[in-house]
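**Q** only geometry, no sequence info:
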């Protein structure tokens, strides 16, 4: 009697399924990809937030520039060069002097800086080079030239308490 034996196909014997190691490696590759995507999202958020803060600083500097243009008498008298920051109720109602208005403008501007920008501070000074200085205490205002400079600093991400972002514009009135 003749008994036939079936031949096994060697390729089907070895491809019966995935091993546990192959599954673990695929999970590691997937996890690395997801970490990369999360990192890109974090960087995108930080970039967008930084751009938002720079646009806010620019807007606040332009706001102060407009306040100065509307009070040219105080500008010509030098009241906006390193102005004091004083609230004046009369500037909101009955009227005040140009010097009081300069101090009140600075008071309101400083409050807006602190409210809108993280640890936001600013200074207005006579300076021949507007884009210098590390913070309000070291603004490097040289008192030279004819242009007032509006300088703004704030703490960028990550919030570490260091004023590491600066926006400055010279104001030609």
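**A** That came through fine. Model, not experiment: these values are computed from the prediction.
**Q** just checking, what packs against the host helix or strand of residue 28?
**A** Element membership for residue 28 (DSSP states H and E) is helix 20-69. Packing contacts for helix 20-69, counted by 3 or more C-beta pairs under 8 Å, 6 or more residues apart in numbering; DSSP states H and E, involve helix 72-77, helix 98-116, strand 121-126, strand 148-154, strand 165-171. C-beta: built from backbone N, CA, C; applies to glycine.
**Q** ok, for residue 120, nearest residue in space, not its chain neighbours?
**A** Using C-beta to C-beta, 6 or more residues apart in numbering and skipping the chain neighbours, the partner closest in space to residue 120 is residue 113 (3.8 Å).
**Q** Distance-wise, check the one you found relative to residue 93.
**A** Noted for residue 113: a distance of 24 Å to residue 93, by C-beta to C-beta, to the nearest Å.
**Q** and if you look at residue 117?
**A** According to C-beta to C-beta, residue 117 stands 29 Å off from residue 93.
**Q** Which one's more surrounded, the two?
**A** More crowded of residue 117 and residue 93, by other C-beta atoms under 10 Å: residue 117, with 23 against 8.
**Q** Skipping adjacent residues, who's closest to that one in space?
**A** residue 154 (3.8 Å).
**Q** Report the contact partners of the one you found.
**A** 53, 57, 113, 117-121, 163, 165 (C-beta atoms under 8 Å, 6 or more residues apart in numbering).
**Q** In contact with residue 126, which residues are there?
**A** By C-beta under 8 Å, 6+ apart, residue 126 lies in contact with 78, 81, 141-149.
**Q** And for residue 166?
**A** Residue 166 makes contact with 131, 133-134, 151-153 under the criterion C-beta under 8 Å, 6+ apart.
**Q** How many neighbouring residues does the nearest residue to residue 105 once chain neighbours are set aside have?
**A** Ranked by C-beta to C-beta, 6+ apart and with sequence neighbours excluded, the top spatial neighbour of residue 105 is residue 67, at 4.4 Å. Using other C-beta under 10 Å, residue 67 has 20 other residues around it.
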